[in-house]
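> no FASTA, just this:
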C-alpha cells in the first residue's frame, strides 16, 4: 500500500490524536469536578453544589476537538478518493475532487456517471454503489453523517454541550420530622 493511502493514514492518525486529546479533556473535567453541601443557617435548607472550574471554556474546547477530529476523518476519505483516481484514472483528478457523498442513491449515481466512473472504472463504481453506499439511507450511514457533521462544523460548533443533572427519589424531612418523598427532577444549564 505504501504511499497510495499515506495522506489518508496521516489524517486518521491525527483524528486519533484528537480523540486522545478529547479523552484527556473529559478526564480533566472529571478530576476538577467537586460537589459540596451547603446549609443555609437562617432557613436550614441544604443546597448541593456541583462545580467544574472554567466549565464553559472546557465545553468550548471539547466542541473544537470534536470538530477537528470529524474534519480529519472526512479529509481522509477525500485523500483516499484522490489517491484511488490518480492511480486508476489518471487525468480525471480536478481541484474539486472529493469522495462522492450524496443525499440519495440517485444523486450518487448521477455524480458517478458525471465523472464517468461507471464506464472508466466499473469495479470501483460497483463497490461504491453496492458495498459503500455513501448516501443518507445507505449502508455506510456513518460516512454520510460524518460528511454532514463536517459541513455543519464549518457554520457552528458541533457540540452544544449543556450540563444536565438529575435528582432521583428526593426525600425531605421538615422541622417536625415529617418526611416528604418526591420522584425527582432534571436540572439543565451551566
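Right, received. Where do you want to start? Just so it is clear, the model here is predicted, and its values are computed rather than measured.

> can you read off the pLDDT for residue 48?
In this model, residue 48 is scored at 80, pLDDT.

> please renumber the chain so that the first residue is 5 from this point on.
Got it, first residue is 5 now, which makes that one residue 52.

> got phi/psi on the residue lying closest to residue 49 once chain neighbours are set aside?
Spatial nearest neighbour of residue 49, chain neighbours left out: residue 43 (7.4 Å); criterion: Cβ to Cβ, 6 or more residues apart in numbering. Just so you know, the C-beta spots here come from the backbone N, C-alpha and C atoms, and that holds for glycine as well. Dihedral pair for residue 43: phi -110, psi 120, per degrees, to the nearest 10.

> and the gap between residue 191 and residue 154?
33 Å (Cβ to Cβ, to the nearest Å).

> neighbour-wise, which of the two wins?
The residue with more neighbours, out of residue 191 and residue 154, is residue 154; 19 against 10, by other Cβ atoms under 10 Å.

> any idea which element the nearest residue to that one once chain neighbours are set aside lies in?
Leaving aside its chain neighbours, residue 154 sits nearest to residue 78 (4.1 Å; criterion: Cβ to Cβ, 6+ apart). Element membership for residue 78 (DSSP states H and E) is helix 59-92.

> packing partners of that helix?
helix 10-36, helix 145-157 (3 or more Cβ pairs under 8 Å, 6 or more residues apart in numbering; DSSP states H and E).

> adding mean pLDDT, write those out as a markdown table.
Output for those, formatted as a markdown table (pLDDT from 0 to 100):
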| stretch | mean pLDDT |
| --- | --- |
| helix 10-36 | 94 |
| helix 145-157 | 92 |
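
> and those helices as CSV, adding distance to residue 105?
Below are the helices and strands packed on helix 59-92 laid out as CSV (distance: least, Cβ to Cβ, whole Å):
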stretch, distance to residue 105
helix 10-36, 15
helix 145-157, 4
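
> report the angle between the helix holding residue 78 and helix 10-36.
170 degrees (axes from the mean of the first three to the mean of the last three Cα atoms, to 10 degrees).

> hmm, back to that, deepest of the helices and strands packed on helix 59-92, which one?
Highest mean neighbour count among the helices and strands packed on helix 59-92 (mean count of other Cβ atoms under 10 Å): helix 145-157, with a mean of 16.

> tell me who's in contact with the spatially most central residue of the chain.
For the chain, the residue nearest the mean C-alpha position is residue 70 (5.5 Å; Cα atoms, centre = their mean). Residue 70 sits next to 22, 26, 162-163 when contact means Cβ atoms under 8 Å, 6 or more residues apart in numbering.

> so where's this protein shaky on pLDDT?
5-6, 164-168, 193-194 (pLDDT under 70).

> sorry, back to before: just checking, the residue nearest to residue 154 touches residue 151?
Yes - counting by Cβ atoms under 8 Å, residue 151 is a contact partner of residue 78 at 6.2 Å.

> next one: the residue nearest to the centre of the chain from residue 144, what distance?
With Cβ to Cβ as the criterion, residue 70 and residue 144 are 20 Å apart.
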